[in-house]
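# Fold the following for me, if possible:
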Amino acid sequence: MKKFLLPLFLVLAALQTFAQEKVNFSESFKKANQGKYKIDIHEVKELIHIMIAITPGGLENDDMIQQEGSYYKEILAHFKPYANEPIIKTFDSLISASPLNYIFLTGNGFSYNFKKDKLEPSNVYIFPAITVSKVTITENPITTYKAQLEDFAKKTNFRKFYANHKAYYSGITADYNKNANLGSQWKWLEANFKTRINNYVIFCSPLINGLNYTGEFKNNNFYQIYMVLPPLDQYPKLSAKEVEVLNTRVMFTEIDHNYVGQPTDDNKEKINQLFKDRTVWVNEKASGIFAYPNPVKVFNEYMTYGVFLLYCKDHYDEATFNKTTKDLIQLMTDRGFPQMKLFTDNLLKIRAENPNKNIDDLYPAFLKLFEK
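Got it, this is the predicted structure:
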C-alpha cells in the first residue's frame with residue numbers, strides 16, 4: 001500500500017490545520033450548544049469519505065483510508081461498482097494533484113445537508129475549510145460539485161446505505177460518550193487553564209485512519225473546538241483500564257493543544273531561547289519530526305503530552321499513572337522527542353510545588369527549571 005500522505009498528515013496535525021473559515025454561530029445556535037459536545041458522523045461528509053475510498057488513490061492508500069473491518073468491505077461491495085463515475089475520477093485527479101484536496105473535500109463536507117435527494121447549504125458551517133497549511137481556496141468544492149454529488153448519491157442509493165448503518169454509527173458515538181471521557185477532560189482543562197471553550201464537536205468516520213487533527217471556529221463571541229478522529233480503538237488484548245487510558249490520550253492530546261497554545265505564546269521568547277538546540281530536544285532521524293520545525297512547536301508537543309500525564313495523575317491510581325508515564329516517555333522517544341523524561345520530571349515537580357496554581361501561571365517557574 002502507498003503511504004505518501006502520512007508525512008503530510010503529520011504536518012497538518014502539528015499545525016492545527018484550518019487557519020481560516022466561514023461559520024455563522026447565531027444566538028439560537030449559541031444557546032443550544034453552550035457547554036455541550038457532540039460526536040457527529042455527518043451524512044454528506046461520510047459520502048465524501050466513501051467516494052474518496054473508491055478512487056484509485058484511495059484504494060491504494062491505507063494511511064488515507066481505514067481499510068480494515070467489515071464496514072470497509074461493505075463500502076467496496078456497495079460502491080466500488082461505481083468507481084468509473086466521472087466524479088470519482090475527478091476526485092482522484094484532485095487528490096493526485098495535491099493531497100491537500102483530501103482535506104478541502106472532507107473538511108467542507110459538513111457545509112451541506114441532504115434534503116431528500118438534494119444538497120442544501122448549512123446555515124452554520126458556510127465554508128469551514130478555506131485554508132490548509134497556507135494553501136487557500138476561493139470556492140467551496142462541495143458547492144462546485146454539488147450536482148455531481150447529488151447524482152452519485154442517487155445513483156448509488158447512498159442515503160439508504162447511510163440510513164441502514166445508523167445503528168452502527170450510533171454505536172460509535174455511544175462508545176465515545178462512554179469511553180473517551182471528553183466531559184471529564186473538558187472540565188479538568190478548564191479548571192487548570194485560563195482558556196475557555198464554549199463547545200466541542202468531533203467529526204468522525206469509520207473510514208478515517210492516519211489523519212487526526214484539531215482546530216477551532218470563532219464567531220459571534222462563541223468558541224468551538226472541532227476534532228477529526230476515527231472511532232475509538234478497542235485493543236482486545238488490553239485491560240479495560242488500559243483501553244480507557246489509550247483512547248483518552250488520543251483525544252486529550254488533540255484537545256489540550258487549544259489550552260497550551262496561549263501560555264506558550266505568552267512565554268515564547270523564553271521557550272525559543274531554552275529549546276533552540278535541536279540536537280538536544282529532537283531526534284532528526286525520527287519519521288515526521290520535520291513537522292516541528294521550531295522551538296515553540298517542539299515545546300508544545302512535549303507540553304501537550306506532559307499535561308496529559310498531569311490529568312492522569314489526578315484521575316488514575318498510582319500503578320496506572322506510573323505505567324502510563326513509562327509508556328508515554330517511550331512513545332515520545334520513539335517519535336523523536338528524547339527528553340520526555342526530563343520534561344515530565346520538571347513538570348511534575350513544579351506542579352507538586354504549586355498544586356493550586358493553574359498551568360498558565362506555572363510556565364515561568366517551570367521554564368526556569370530548564371536553565372539549570
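
# For the helix or strand containing residue 300, enumerate the helices and strands it packs against.
Per DSSP states H and E, residue 300 falls inside helix 295-315. Packed against helix 295-315 by the contact rule (3 or more C-beta pairs under 8 Å, 6 or more residues apart in numbering; DSSP states H and E) you find helix 182-192, helix 240-255, helix 257-266, helix 268-274, helix 278-281, helix 318-335, helix 340-353. Where you see a C-beta, it was placed from the backbone N, CA and C, and this is true even at glycine.

# Taking helix 295-315 as reference, get the angle to the third one.
For helix 257-266 and helix 295-315, the angle between their directions (axes from the mean of the first three to the mean of the last three C-alpha atoms, to 10 degrees) works out to 130 degrees.

# Next, the buried residues of helix 257-266.
For helix 257-266, a neighbour-count test (16 or more other C-beta atoms under 10 Å) marks 257-261, 263-264 as buried.

# Just the CA atoms of that helix, as CSV, please.
Output in CSV follows, covering the C-alpha atoms of helix 257-266 (Å, rounded to 0.1, in the frame of the first residue of the first chain):
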residue,chain,number,x,y,z
HIS,A,257,-3.4,22.0,22.1
ASN,A,258,-6.1,24.6,22.4
TYR,A,259,-5.2,25.3,26.0
VAL,A,260,-1.4,25.0,25.9
GLY,A,261,-1.2,27.5,22.9
GLN,A,262,-1.9,30.7,24.8
PRO,A,263,0.5,30.3,27.7
THR,A,264,3.2,29.1,25.3
ASP,A,265,2.7,32.2,23.2
ASP,A,266,2.9,34.3,26.3
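
# which residues are contacting that helix?
16, 189, 192-195, 197, 214, 216, 225, 271, 296, 299-300, 303-304, 307, 359-360, 363 (C-beta atoms under 8 Å, 6 or more residues apart in numbering).

# go with 7 Å
Applying C-beta atoms under 7 Å, 6 or more residues apart in numbering, the contact partners of helix 257-266 are 16, 189, 193, 195, 197, 214, 216, 225, 271, 296, 299-300, 303-304, 307, 359-360, 363.

# if I pick residue 134, what's in contact with it?
Taking C-beta under 7 Å, 6+ apart, one finds nothing in contact with residue 134.

# can you tell me the average pLDDT over the strand or helix carrying residue 37?
Using DSSP H and E, residue 37 sits within strand 36-40. The average pLDDT within strand 36-40 is 95.

# Pairing partners for that strand, with directions?
With DSSP bridges as the test, strand 36-40 is paired with strand 199-204 (parallel).
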